[in-house]
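**Q** The following comprises the amino acid sequence and a computationally predicted model.
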Amino acid sequence: MGGRGPVANRNDYPTWALDAGFEEDVFTFARIQYDSMSYRPGRQWDNDFPDCDWNFSARLQELTSMKVDPNGKVLRFSDPNLCDYPFIFMSNVNEMILSRQDAEALRNYLLNGGFMMADDFWAPGGWRHVYSQMKRVFPDREPRELGPDHEIFHLVYDLKGVPQVPSIRAWQRGHTFEYWHGDPEGDEAPHFWGFFDDSNRLMALLCHNNDIGDGWEREGESPEYFKEYSVRVSYPLGINIVTYAMTH
């Protein structure tokens, strides 16, 4: 698979033709373009984009029976076609800002069967901010932390414990925590927070103290990182999450 360069070249990543007449009958990795408190290059909605999206789509096509769009999609919450995509992905949400319209659109999407994965936010300060934004979506619902026995960790691939993936930059420094996001306040453990609907379906998965997407994006850069995190955690967990989203 491709690895990150100064500018991602689509020719460096796998692609494939969709069956004629079934171009719309495929899984599409849909990334949300959201607003942030401040603009910092590479640290907004497009974190890990597009390498992450292309590599993960390729692995879904390769390792599952799903038919997958090789190119993915970028959407805003205001997109009238949002509900056509059963899975949406957000990255680096430490400074995400949801307007009233965004919150309403996300609430309607999730309660009507959609699934959101929010990845790559760190430290208690990051969690407090994401929690405050999600309370705009669900004022009357509280998130619940998923334990290691939750089916999302075992649905296709059987993961041991609660997984944690550091970015390749943290890993190269010998860390499993991204300290540049703020004071860990004594808590460097991974947390998976879920919002559930009235039927106990997991609608939104918030991957705190984790950078699952870096295991997708960076798979071509280091054989050691690829084996330790892409193969063992990021791809198995991502496939479990998408399978859950598509079957519940």
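**A** That came in fine, so what should we check first?
**Q** And the helices in this structure, which stretches?
**A** The residue ranges that make up the helices of the chain, judged by DSSP state H, are 51-63, 100-111, 123-137, 168-172, 212-217, 223-225, 235-247.
**Q** Just the CA atoms of the fifth one, as PDB, please.
**A** The C-alpha trace of helix 212-217 is given here as PDB (Å, rounded to 0.1, in the frame of the first residue of the first chain):
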ATOM      1  CA  ILE A 212      -6.500   4.300  14.800                       C
ATOM      2  CA  GLY A 213      -6.300   6.100  11.400                       C
ATOM      3  CA  ASP A 214      -2.600   6.400  11.600                       C
ATOM      4  CA  GLY A 215      -2.300   2.700  11.400                       C
ATOM      5  CA  TRP A 216      -4.200   3.000   8.100                       C
ATOM      6  CA  GLU A 217      -2.500   6.100   6.700                       C
END
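**Q** Averaged pLDDT, that helix. What do you get?
**A** When pLDDT is averaged along helix 212-217, the result is 96.
**Q** Against which helices or strands is that helix packed?
**A** Packing contacts for helix 212-217, counted by 3 or more CB pairs under 8 Å, 6 or more residues apart in numbering; DSSP states H and E, involve helix 51-63, strand 115-121, helix 235-247. No exception for glycine: its C-beta is placed from N, CA and C like everyone else's.
**Q** Which elements pack onto the shortest one?
**A** In terms of contact count using 3+ CB pairs under 8 Å, 6+ apart, strand 115-121 is assigned the packing partners strand 87-91, helix 100-111, helix 123-137, strand 202-208, helix 212-217, helix 235-247.
**Q** same question for the second one, mean pLDDT?
**A** pLDDT averaged over helix 100-111 equals 98, rounded to a whole number.
**Q** Convert it to PDB, retaining C-alpha atoms only.
**A** Written as PDB, here are the backbone C-alpha positions of helix 100-111 (Å, rounded to 0.1, in the frame of the first residue of the first chain):
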ATOM      1  CA  ARG A 100     -26.800  24.000  15.900                       C
ATOM      2  CA  GLN A 101     -27.600  22.800  12.400                       C
ATOM      3  CA  ASP A 102     -24.600  20.400  12.500                       C
ATOM      4  CA  ALA A 103     -25.800  18.900  15.800                       C
ATOM      5  CA  GLU A 104     -29.400  18.500  14.500                       C
ATOM      6  CA  ALA A 105     -28.200  16.800  11.300                       C
ATOM      7  CA  LEU A 106     -25.900  14.500  13.100                       C
ATOM      8  CA  ARG A 107     -28.600  13.600  15.600                       C
ATOM      9  CA  ASN A 108     -31.100  12.800  12.800                       C
ATOM     10  CA  TYR A 109     -28.400  10.800  11.000                       C
ATOM     11  CA  LEU A 110     -27.500   8.600  14.000                       C
ATOM     12  CA  LEU A 111     -31.100   8.100  15.200                       C
END
